[in-house]
Structure formats: structure tokens, C-alpha cells
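Asks: build me a model from this:
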Amino acid sequence: MRGAMTFSVAENRSLTRERRRVMLALFIALAIAVHTFEVLLPNPIPWFRIGLANILGICALFSFGIRALWAVTLCRIVGGSLLVGSLFAPGFLLSLGGGLCACLLMSLAYAAFRRTIGPVGVSLLGAYGHICGQLLIAWLVIIRHSSLWMLIPFFLLFALISGTINGIVSEFLLRVLIRHPVFEAVEEPYVTALGHADVSQSEINNMEES
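Replies: Predicted coordinates:
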């Protein structure tokens, strides 16, 4: 009986790990698809993209941790560049520089304030980091001119708008995802808190109906 119970626990843990890997792979695939779609869209103003693919990275961060964020972001940048044939082109370098800076800021913020910071706050930091990384790469590789830094206020304003939008969408998506069995064993504080809040609201609704 004890052996069967041990096997059952081990089997459940293995199943949970496989489900998490599948979900992470799905995040990466969706991020690459969204990134590629956004790159192919007409863009009258250089660098001004909302960065919808970052939503998948934020969801991965709050669901599976910092490593998942880096995995989704790096795979998205490299995979998307391979699909559109821009690997090692200036656009790829801009995307890579912005992605690395964004991931660094989001990782540090999440590691330091993981119990208090939410998707909107992390998304804003990521947007500002992405803008700073892109401007730095643009100055080093494309436009080595001091006037480039005069665009910072406009880029920061755009980062505020895009970061807020992505953060709100990420929070909504996380509230939907926590209902999936994959997230039952997730120990990340924000997702756990969402799950408890969802359960409490369900209990309140049941009490009102009865």
C-alpha cells in the first residue's frame, strides 16, 4: 500500500512537471508568433511597437519564475528573427538589447518584491528597460549622434502607455490561466494569491446563492 502511494505521489509530481514544460513551450510558441506578426505589421514610426509578445513573458514570470521569463524572451527574439530572416540584422540587435535590459529589470524587481509587485509594475519596468536598451544599441550601432537622446521623453511616454496596456492584459490572462490544472501546483506568490482570491470569491457566490 505504501509503495503504491509513493508511486502515485511521484507520478503526480512527474505529471505536474510535464504539464509545466508543455505550458512553457506554449508560451514560447505564442510569443514567437505574436513577435513575428508584430514585426511584419507596417510601422510608420521606427521602434514604436506595443510589444504584445512581452505579455507571454510576464505571464511566464508570474507563473513559473525568472528562468521562464528569460527562456520565453530569448526564444522569442531569436525564433522571431529566424522566421522573418533578420537574425543579426540591426533590428535583431535592437530587439535583443531591449529584451536583455527589460528582462534584467523585471527579474531584479521580481526577485526583490515578488510578494508585493504585480504584472503592471513589472511590465512598466520592462517597457522602460526595453526602451533604454534599444536606445543604447541604436547609439552604438546605428545612429551615433547625441541628438538621439533628445527622443528619450517621447520613448518614455510610449513605454508608459505600452507597459500599462501589457500589464493589464497580463493580469487578466493570469486570472484566466489559474483555473487550468497546470497552475494548481504553482508556488509563485502572485498566482497563489490570485488562486486564493478566486476561491474566496467562489465561496462567497455560493453562500449568496444558498
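Asks: and the helix or strand hosting Gly121, how far from the chain's centre?
Replies: Assigned by DSSP states H and E, Gly121 belongs to helix 119-137. Distance of helix 119-137 from the chain centroid (Cα atoms, centre = their mean, to the nearest Å) equals 12 Å.
Asks: report the buried residues of whatever helix or strand Arg67 lives in.
Replies: Using DSSP H and E, Arg67 sits within helix 66-84. Of the residues in helix 66-84, 66, 68-81, 83 count as buried by neighbour count, 16 or more other Cβ atoms under 10 Å. Yep, even glycine has a C-beta here, placed from its N, CA and C like the rest.
Asks: so what's Arg49 closest to, chain neighbours aside?
Replies: Glu38 (5.6 Å; Cβ to Cβ, 6 or more residues apart in numbering).
Asks: neighbours of that neighbour, just the number please.
Replies: 15 (other Cβ atoms under 10 Å).
Asks: what strand or helix carries Gly51?
Replies: With DSSP H and E as the criterion, Gly51 is inside neither a helix nor a strand.
Asks: so what pLDDT did it get?
Replies: As predicted, Gly51 sits at a pLDDT of 85.
Asks: also Glu171?
Replies: On pLDDT, Glu171 comes in at 92.
Asks: one step back: which secondary structure elements does the helix holding Gly121 contact?
Replies: Helix 119-137 sits against helix 54-64, helix 90-113, helix 152-177, with contacts defined as 3 or more Cβ pairs under 8 Å, 6 or more residues apart in numbering; DSSP states H and E.
Asks: which residues touch the second one?
Replies: Residues outside helix 90-113 that contact it (Cβ atoms under 8 Å, 6 or more residues apart in numbering) are 39, 47, 54, 57-58, 61-62, 66, 69-70, 73-74, 76-77, 80-81, 86, 117, 121-122, 125-134, 136-138, 141-142.
Asks: return the most buried member of the helices and strands packed on helix 119-137.
Replies: When the helices and strands packed on helix 119-137 are scored by mean count of other Cβ atoms under 10 Å, the highest mean neighbour count falls to helix 54-64 (a mean of 27).
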